[in-house]
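# Below are the sequence and a predicted model for it; my questions follow.
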Amino acid sequence: MRKPTLSRPPMDAVTSGRALETASPLNILRWAVDTFDSRLTFGTGFGAEECVLIDLIGRHRLPIDLFALDTGLLFPETYTLWSQLEDRYELTIRGARPSLTAEEQNRVYGRELWSHDPDRCCNIHKVTPLTAEFLRFDAWITGIRRDQTIHRAHALAVEWDQEFGLSNVNPLVRWTKKDVWSHLLSHEVPYNPLHDYGFPSSGYHPCTSRVSDGEDDRAGRWRGCATNESGLHSPVTPVEAVAASSPW
């Protein structure tokens with residue numbers, strides 16, 4: 001059951017969100033904790049950006065719920081990294097699992113669903129379990145950066161997700177890829193070794209391939225399909241725009 005979606009964001013997200021454009025990632029995270037308290041979560045896919053955020057959350061002991069979508073199709077290196085991060089920062093990253101295992105999906109929809117119907121596959125493995133998580137929260141943290149793809153080029157530090165009825169908090173939105181890796185290396189943050197072998201975005205192994213020089217970081221996701229987004233980060237509305245169009 002979906003929670004009712006709101007036609008406009010909470011007042012705190014509107015008034016405070018405008019001031020976050022120049023804030024540091026840590027201060028954006030602290031603002032999110034102060035604003036949303038226990039109704040805030042972070043769903044990680046263990047990408048480089050998300051390892052930065054886990055480092056900030058863990059080192060500064062921020063009381064933020066963490067979970068990962070565990071389809072059973074993650075790379076072995078990703079499962080190893082999951083354990084490393086939990087041990088390093090003494091925190092728990094919950095596993096959110098789809099209603100169908102990979103084997104059950106094969107029986108219902110045929111083998112290799114990701115190759116002939118990636119949208120359905122992502123709905124089963126990502127969108128549906130994520131929606132269930134969102135029933136419990138008012139805001140979630142993402143690793144979105146503007147320079148990742150053209151679809152994310154105009155993202156803001158805080159945005160309103162009309163589809164899921166909650167606020168998106170994007171602490172790294174102004175950072176570049178160089179900023180991310182500078183942080184990882186200077187703080188010796190564990191990261192997925194697949195990044196060193198041409199996988200800047202290490203999603204599920206059946207639908208993730210190496211990226212060549214000159215391609216954007218998500219070019220290896222669903223290669224040959226018309227999308228490089230899973231449906232989790234559909235276009236959202238900046239809180240400023242919603243505030244302007246929705247009278248209080």
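Sure thing, it's come through. Numbering: from 1, shown residues only.
# Pull up the per-residue confidence for residue 22.
With respect to pLDDT, residue 22 scores 92.
# Secondary structure element holding it?
Applying DSSP states H and E as the criterion places residue 22 outside every helix and strand.
# Give the residue spans of the chain that score low on pLDDT.
Along the chain, segments meeting pLDDT under 70 span 1-18, 105, 112-115, 117, 198-248.
# Just the strands from it, written as ranges.
Secondary structure of the chain (DSSP state E): strands at 40-44, 65-69, 94-96, 139-141, 158-161, 166-169, 237-238.
# quick one: which of the ones you listed is nearest residue 58?
Set against residue 58 and scored by CB to CB, these come closest in strand 65-69, at 9.2 Å. Where C-beta positions appear, they are placed from N, C-alpha and C, glycine not excepted.
# just checking, what packs against that closest one?
The contact analysis (3 or more CB pairs under 8 Å, 6 or more residues apart in numbering; DSSP states H and E) places strand 65-69 against strand 40-44, strand 94-96, helix 128-134.
# could those be laid out in TSV, adding distance to residue 118?
Listed next are the helices and strands packed on strand 65-69 as TSV, based on distance: least, CB to CB, whole Å:
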stretch	distance to residue 118
strand 40-44	20
strand 94-96	20
helix 128-134	15
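# which one of those is the most hemmed in?
strand 40-44 (a mean of 23; mean count of other CB atoms under 10 Å).
# can you give me the angle it makes with strand 65-69?
Counting by axes from the mean of the first three to the mean of the last three CA atoms, to 10 degrees, strand 40-44 lies at 30 degrees to strand 65-69.
# Could you list the buried residues of the lengthiest helix in the chain?
The longest helix of the chain (DSSP state H) is helix 76-89. Residues of helix 76-89 classed as buried by neighbour count (16 or more other CB atoms under 10 Å): 77, 78, 81, 82, 84, 85, 89.
# which ones are touching the third one?
To tie it back to what came earlier, the one meant is residue 81. Applying CB atoms under 8 Å, 6 or more residues apart in numbering to residue 81 gives the contacts 46, 51, 190, 191, 192.
# State the number of residues packed around the second one.
So that's residue 51. A count of neighbours around residue 51, defined by other CB atoms under 10 Å, yields 24.
# for it, what are its contacts?
So residue 51 contacts 81, 85, 184, 189, 190, 191, 192 (CB under 8 Å, 6+ apart).
# just the last one next, same as before
By CB under 8 Å, 6+ apart, residue 192 lies in contact with 46, 47, 48, 51, 75, 77, 78, 81, 199, 202.
# would you list every one of the helices in this protein?
Counting by DSSP H, one finds helices in the chain at the ranges 11-17, 25-36, 48-59, 76-89, 102-109, 113-116, 118-122, 128-134, 177-186, 239-245.
# How about residue 142, nearest residue that isn't a chain neighbour?
Distances taken as CB to CB, 6 or more residues apart in numbering place residue 170 nearest to residue 142, at 5.3 Å, with adjacent residues excluded.
# these two touch, right, the one you found and residue 156?
Yes: in this structure, residue 170 is within contact of residue 156 by CB atoms under 8 Å, at 7.0 Å.
# Next, format the helices of the chain as a markdown table and append distance to residue 147.
Listed next are those as a markdown table, based on distance: least, CB to CB, whole Å:
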| stretch | distance to residue 147 |
| --- | --- |
| helix 11-17 | 21 |
| helix 25-36 | 15 |
| helix 48-59 | 11 |
| helix 76-89 | 23 |
| helix 102-109 | 33 |
| helix 113-116 | 27 |
| helix 118-122 | 23 |
| helix 128-134 | 24 |
| helix 177-186 | 7 |
| helix 239-245 | 21 |
